[in-house]
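> How does the following fold in three dimensions:
(one chain, ligands or ions: 1)
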Amino acid sequence: MHRKNRLPDPAATAALIAKRTPLRPGLGIVLGSGFGAIAKAVTGGREFPYRDLPGFPVGSVPGHAGRLIIGEWLGIPVAILAGRAHFYEGFDLAESTFPIRVLAALGVGTLLLTNASGGINAKFQVGDFMALTDHINFMGTNPLRGPEPAGLNRFVDLTAAYDPALKDELKAAAKSMKSPKVRCHEGVYLAVSGPSFETPAEIRAFRTLGADAVGMSTVPEAIVARQCGLKVAGLSCITNAAAGLGGKGQTVSHLDVLELARQREGVAADLVGKFVSRIG
Ligand code: HPA
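Prediction:
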């Protein structure tokens with residue numbers, strides 16, 4: 001039978017936050033690898049370490065436990081989740097997606113999910129971006145598994161999980177930068193559980209299934225956000241060619257992913273800034 005849900009009421013955590021800041025952002029952004037520079041661009045903000053927020057997952061890596069930042073960016077109030085708890089770290093998906101429920105309870109209506117991913121589509125080059133049109137959940141589980149939250153539907157429709165108008169705004173934001181170094185494609189993101197990278201055979205299979213990029217996050221958050229009625233946009237930074245696609249002798253390494261992500265941080269923040277200005 002069901003394990004008792006040990007997580008607190010997201011509305012209670014949201015109420016604690018709301019008491020400490022007068023800002024009521026309509027937009028939330030989850031920062032994945034390659035998008036960390038956004039946290040530094042937010043001004044006049046209040047920071048809430050995850051460890052101070054009941055129910056928030058506290059990451060296992062010291063110093064990278066994560067924080068919620070509520071502030072203004074380009075004059076627009078935003079709620080930033082800097083630090084995400086991955087399934088591969090051992091969190092279950094209800095735990096790792098709890099912050100999304102808190103953002104919803106705070107009044108966030110639009111959510112941008114960012115990540116680093118491996119490119120499967122042959123047109124993608126390392127350093128490119130991809131606005132998500134759809135996803136394939138290959139994690140083997142679902143964040144809505146378990147008790148149905150009061151007042152919410154567990155049988156969530158995912159026909160248009162990623163808002164098409166927001167996807168177009170991401171592409172338009174990239175275009176407005178007028179730089180040949182900033183290319184934003186669109187495509188399907190396939191999520192695996194990790195933490196091992198994929199085999200070349202898996203990548204060939206995923207390509208056949210219709211995936212353009214592969215990663216280890218985002219999908220659970222998108223599902224929970226849709227259950228809470230948020231509009232969702234997704235943006236990947238393609239940090240590497242997926243396994244077997246990088247040419248002879250090339251392997252996939254976490255260090256290479258992090259290095260490329262770091263190199264693209266400035267551009268990624270500019271792109272998302274343009275997106276925020278357009279929709280704000
Ligand atoms: N596979 C899975 N997750 C990733 C990759 C990849 O190639 N690159 C960045 N995140």
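
> Could I get the pLDDT score of residue 189?
For residue 189, the pLDDT comes out at 98.

> sec struct for whichever residue of the stretch 101-250 of the chain sits closest to the ligand, please.
Nearest residue of the stretch 101-250 of the chain to the ligand (CB to the nearest ligand atom) works out as residue 118 at 2.2 Å. Backbone N, C-alpha and C define where each C-beta goes, glycine included. Under the three-state scheme (DSSP: H, G, I helix; E, B strand; the rest coil), residue 118 adopts strand.

> Near the closest residue to it other than its chain neighbours, how many other residues are there?
In this structure, residue 118 finds its nearest non-sequential neighbour in residue 242, 3.7 Å apart by CB to CB, 6 or more residues apart in numbering. Neighbours of residue 242 under the rule other CB atoms under 10 Å: 28.

> And for residue 204?
Residue 204, neighbours per other CB under 10 Å, totals 16.

> hang on, it packs against residue 244?
Yes: the criterion here is CB atoms under 8 Å, and residue 204 meets it with residue 244 at 7.1 Å.

> Enumerate every residue touching the residue of the stretch 101-250 of the chain closest to the ligand.
197-198, 203, 213-215, 238-243, 252 (CB atoms under 8 Å, 6 or more residues apart in numbering).

> Mind listing the residues bridging to it?
residue 214, residue 240 (DSSP bridges).

> Can you tell me the element residue 30 falls in?
If you go by DSSP states H and E, residue 30 is part of strand 27-31.

> chain center to that strand, what's the gap?
8 Å (CA atoms, centre = their mean, to the nearest Å).

> Same question for stretch 110-128.
Taking mean C-alpha positions (CA atoms, centre = their mean), stretch 110-128 and its chain are 11 Å apart.

> What's the end-to-end length of it?
24 Å (CA to CA, to the nearest Å).

> Okay, buried residues for it please.
110-121, 124, 126-128 (16 or more other CB atoms under 10 Å).

> ok, now stretch 30-50?
Neighbour counts over stretch 30-50 (16+ other CB under 10 Å) mark 30-39, 41-42, 45, 48, 50 as buried.

> any idea which of these is least confident?
Among the buried residues of stretch 30-50, residue 45 has the lowest pLDDT, at 84.

> For the closest residue to that one other than its chain neighbours, give me its contacts.
Leaving aside its chain neighbours, residue 45 sits nearest to residue 71 (2.3 Å; criterion: CB to CB, 6+ apart). Listed by CB under 8 Å, 6+ apart, the contact partners of residue 71 are 23, 42, 43, 44, 45, 46, 77, 78, 80.

> Swap in 10 Å and give it another go.
Residues counted as contacts of residue 71 (CB atoms under 10 Å, 6 or more residues apart in numbering) are 21, 23, 25, 39, 41-47, 77-80.

> Repeat that for residue 21.
44, 45, 46, 48, 70, 71, 77, 79, 106 are the contacts of residue 21 under CB under 10 Å, 6+ apart.

> cool, residue 235 as well?
Applying CB under 10 Å, 6+ apart, the residues contacting residue 235 are 29, 32, 34-35, 112-115, 117, 129-132, 162, 166-167, 170-171, 173-174, 184, 189, 218, 268, 271-272, 275.

> ok, the spatially closest residue to residue 228 that is not a sequence neighbour - how many residues close by?
Nearest residue to residue 228, sequence neighbours excluded (CB to CB, 6+ apart): residue 104, at 3.7 Å. The number of residues packed near residue 104 is 22, by other CB under 10 Å.
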